[in-house]
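Undergrad: need a structure here:
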Amino acid sequence: KQKSFECIHIYGYYYLCGRMKNFVIEKRLHAEAHVNIIMTTTKDYSKTKLACYLGFVTQAIVANFTPLLFIAFHHEYKVSIASLALIPAVFYIVQLITDLLCAKFKNLDYRKGIILSEITAAFGLIGLAFIPSFFSNPMIGILICVTIYAVRSGLIEVLCSPIIEACPFPNKESMMSLLH
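TA: Residues are numbered from 1 along each chain as shown. Predicted coordinates for the structure are as follows:
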């Protein structure tokens, strides 16, 4: 694990400050000693930013994929157009409920939550290919799949924004607006 350190100059000495496993490290250094090494130990968050952006791209795909299949569902499974209008409503209601539940439980593990959200997106989208055919009313299978990937969409909404907010980017406001 990489560690990030700050170097503070006080009265001719450099103080090396940082965190390692919840312990604060402080080391007094002479004026020119190890300053170049200290400055190169900062962490790069570009992969974290990319992962969050891709999470929101996947959310857009998940949210817009099923409505593109309305005509296919109507012809393949003989589901009425009025029943198909229920799909976006279920999607957004489940997403909102997931958002509210995540707000209630503040001690979430962000990494596990993001991984879980991507797994649920995959299960929901892959299940959309075969789960509706298991039911006598295919609309039940479609709504089960929509519910599975709506949970994912709610998790991404709640988890990615604080991750980007916590990263030390120089232009955080523009990154947050691009994220949304």
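Undergrad: do you know the pLDDT at Arg19?
TA: Arg19 carries a pLDDT value of 43.
Undergrad: would you map the helices across this structure?
TA: Here the chain has its helices, by DSSP state H, at 35-39, 46-68, 70-77, 81-84, 86-104, 110-130, 138-166, 172-179.
Undergrad: of these, which stretch is the most buried?
TA: Mean neighbour count (mean count of other C-beta atoms under 10 Å) peaks for helix 138-166 among these, with a mean of 20. For the C-beta atoms, the positions are set from N, CA and C on the backbone; glycine is no exception.
Undergrad: tell me the mean pLDDT over it?
TA: Helix 138-166 shows an average pLDDT of 88 in the prediction.
Undergrad: now the angle from it to helix 172-179?
TA: Here helix 138-166 points in a direction 170 degrees away from that of helix 172-179 (axes from the mean of the first three to the mean of the last three C-alpha atoms, to 10 degrees).
Undergrad: so how far is helix 138-166 from its chain's centroid?
TA: 10 Å (C-alpha atoms, centre = their mean, to the nearest Å).
Undergrad: helix 46-68 and that helix, what's the angle between them?
TA: Using the same axes, to 10 degrees: helix 138-166 against helix 46-68 is 160 degrees.
Undergrad: show me what helix 138-166 is packed against.
TA: helix 46-68, helix 70-77, helix 86-104, helix 110-130, helix 172-179 (3 or more C-beta pairs under 8 Å, 6 or more residues apart in numbering; DSSP states H and E).
Undergrad: using CSV, lay out these together with mean pLDDT.
TA: Below are those laid out as CSV (pLDDT from 0 to 100):
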stretch, mean pLDDT
helix 46-68, 85
helix 70-77, 91
helix 86-104, 90
helix 110-130, 86
helix 172-179, 72
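Undergrad: how about those, which one is nearest Leu143?
TA: Ranking the helices and strands packed on helix 138-166 by proximity to Leu143 (C-beta to C-beta) places helix 86-104 first, at 5.5 Å.
Undergrad: CA atoms only for that closest one, dumped as CSV, please.
TA: Only the C-alpha atoms of helix 86-104 are listed here, as CSV (Å, rounded to 0.1, in the frame of the first residue of the first chain):
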residue,chain,number,x,y,z
LEU,A,86,-44.4,-0.2,-15.1
ILE,A,87,-40.7,-1.1,-15.8
PRO,A,88,-39.2,2.4,-15.5
ALA,A,89,-41.4,3.1,-12.4
VAL,A,90,-40.2,0.0,-10.6
PHE,A,91,-36.6,0.8,-11.6
TYR,A,92,-36.7,4.3,-10.1
ILE,A,93,-38.6,3.3,-7.0
VAL,A,94,-36.2,0.5,-6.2
GLN,A,95,-33.3,2.9,-6.9
LEU,A,96,-34.7,5.5,-4.5
ILE,A,97,-35.3,2.9,-1.8
THR,A,98,-31.7,1.7,-2.2
ASP,A,99,-30.5,5.3,-1.9
LEU,A,100,-32.5,5.8,1.3
LEU,A,101,-31.3,2.5,2.8
CYS,A,102,-27.6,3.4,2.0
ALA,A,103,-28.1,6.8,3.7
LYS,A,104,-29.4,5.0,6.8
